[in-house]
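Visitor: Sequence first, then the predicted structure:
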Amino acid sequence: MKCLHVITPVKDSIDSTLETVQAIMNSKTDVPFTYTIYNDFSTPENTLRLKKAAETYGFELVNLEDLTSHPSPNYLLVLQMAQERAIKADAGLLIVESDVVVKPDTLQGLFDGASGRSDCGIAASVTVDEAGEINFPYLYAKGRQEGVFAEKKRMSFCCSLLCPDFLRKFDFHELDASKNWFDVTISHQALKEGFTNYLFTSLPVIHRPHGSRPWKKLKYTNPLKYYWLKYTKGWDKI
């Protein structure tokens, strides 16, 4: 692994996205990395904000409306494009979602941690709230001491590094196109291919659950509406 290809898929969570961008671009790392934001049919106003941010911070902005007419979410297309670019560059693919804020040492720590483990398929940062408490989707890791753990449960793509050997082993074009999200499938596939997935509780990142998909908050405030949307509109298929 020579470098990192860092990506953030974005819908309309622009304010939180800009926090994500600032944190990534301010990372303290010696690892060469490229940073691409995939704009998944945001509003015209938010697309303009992303264009201005790209000029300010120097990341690459890919507007998916220029590439496909398929309605959001287009996570599968993003993964397929990013995998191809990462393989070509012999880079690790680091996915950082737009409701996550990395710390200055996150990129370097995941790169070093994955590079030092020849069997690593996915290296993931545990997620915490503003108070530093482990939160969704890694509630199963609560109570663990700070460290690195081989993990057979699913890795979330809140902040996860997919290693080049695994990227070359499993083609994302084989994923089920009827689904919307693929972290469960891909993390289990890494295990099937003989890799080990590692959860780094020593490299926590701040996560605001469902910040990138605000409608999911209905699960807690109006569960009937949440499940009606989920099943009638076919949203959030994992």
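Guide: Everything's here; your move. Numbers count the residues shown, from 1 in each chain.
Visitor: What is the least confident helix or strand in this structure?
Guide: Taking mean pLDDT, DSSP states H and E as the measure, the helices and strands of the chain show their lowest mean at helix 218-221, namely a mean of 57.
Visitor: ok now the strand or helix carrying A53, how far from the chain's centre?
Guide: When elements are assigned from DSSP states H and E, A53 belongs to helix 44-57. Using C-alpha atoms, centre = their mean, to the nearest Å, the distance from the centre of helix 44-57 to the centre of the chain it belongs to is 20 Å.
Visitor: what's it in contact with?
Guide: With contacts defined as C-beta atoms under 8 Å, 6 or more residues apart in numbering, helix 44-57 is touched by 10, 12, 14, 17-18, 21-22, 25, 37, 39, 42, 59-61, 63. (Glycine included, C-beta is placed from N, CA and C.)
Visitor: hmm, try it at 6 Å
Guide: D12, I14, V21, M25, N39, L61 (C-beta atoms under 6 Å, 6 or more residues apart in numbering).
Visitor: Would you confirm that the fifth one contacts V10?
Guide: Yes: using C-beta atoms under 6 Å, N39 makes contact with V10 at a distance of 5.4 Å.
Visitor: Looking at those two, which one has more neighbours?
Guide: In this view N39 and V10 are compared by other C-beta atoms under 10 Å, and V10 has more residues nearby, 28 against 24.
Visitor: give me the number of residues near E133?
Guide: Under the criterion other C-beta under 10 Å, the count of neighbours that E133 has is 11.
Visitor: let me fix that: V78
Guide: Applying other C-beta under 10 Å, I find that V78 has 21 neighbouring residues.
Visitor: what about it, distance to L64?
Guide: Counting by C-beta to C-beta, to the nearest Å, the separation of V78 from L64 is 8 Å.
Visitor: Does E193 touch K169 like I think?
Guide: Yes: the pair formed by E193 and K169 meets the contact definition of C-beta under 6 Å, at 5.0 Å.
Visitor: of those two, who's got more company?
Guide: Here E193 and K169 are set side by side on neighbour count (other C-beta under 10 Å), and the busier one is K169, at 15 against 12.
Visitor: and the more buried one, what is it in contact with?
Guide: Applying C-beta under 6 Å, 6+ apart, one finds that K169 lies in contact with E193.
Visitor: and with 10 Å instead?
Guide: Applying C-beta atoms under 10 Å, 6 or more residues apart in numbering to K169 gives the contacts G121, C163, Q189, A190, K192, E193, G194, F195.
Visitor: Pick the one among the residues you listed closest to P104.
Guide: Ranked by distance to P104 (C-beta to C-beta), the contacts of K169 are led by C163 at 22.2 Å.
Visitor: Wait, the closest one touches I87, no?
Guide: No: in terms of C-beta atoms under 10 Å, C163 does not count as a neighbour of I87; the distance is 11.1 Å.
Visitor: Pick out whichever of those two has more residues nearby.
Guide: Neighbour tally, C163 and I87, criterion other C-beta under 10 Å: the higher count belongs to C163, 25 against 15.
Visitor: Run through this protein and note the low-pLDDT ranges.
Guide: In the prediction, the chain carries residues with pLDDT under 70 at positions 210-238.
Visitor: Go through it and flag its longest strand.
Guide: Of all the segments of type strand in the chain, defined by DSSP state E, the longest one is strand 196-207.
Visitor: Dump the C-alpha coordinates for that one into CSV.
Guide: Taking only C-alpha atoms (Å, rounded to 0.1, in the frame of the first residue of the first chain), the coordinates of strand 196-207 have been written out as CSV:
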residue,chain,number,x,y,z
THR,A,196,-8.9,-10.3,9.0
ASN,A,197,-10.8,-7.1,9.9
TYR,A,198,-9.5,-5.0,12.7
LEU,A,199,-11.4,-2.5,14.8
PHE,A,200,-9.1,0.3,16.2
THR,A,201,-10.6,1.5,19.5
SER,A,202,-7.2,3.4,19.8
LEU,A,203,-8.2,5.6,16.9
PRO,A,204,-11.7,6.9,17.7
VAL,A,205,-13.6,9.3,15.4
ILE,A,206,-16.6,11.5,16.2
HIS,A,207,-19.8,10.2,14.7
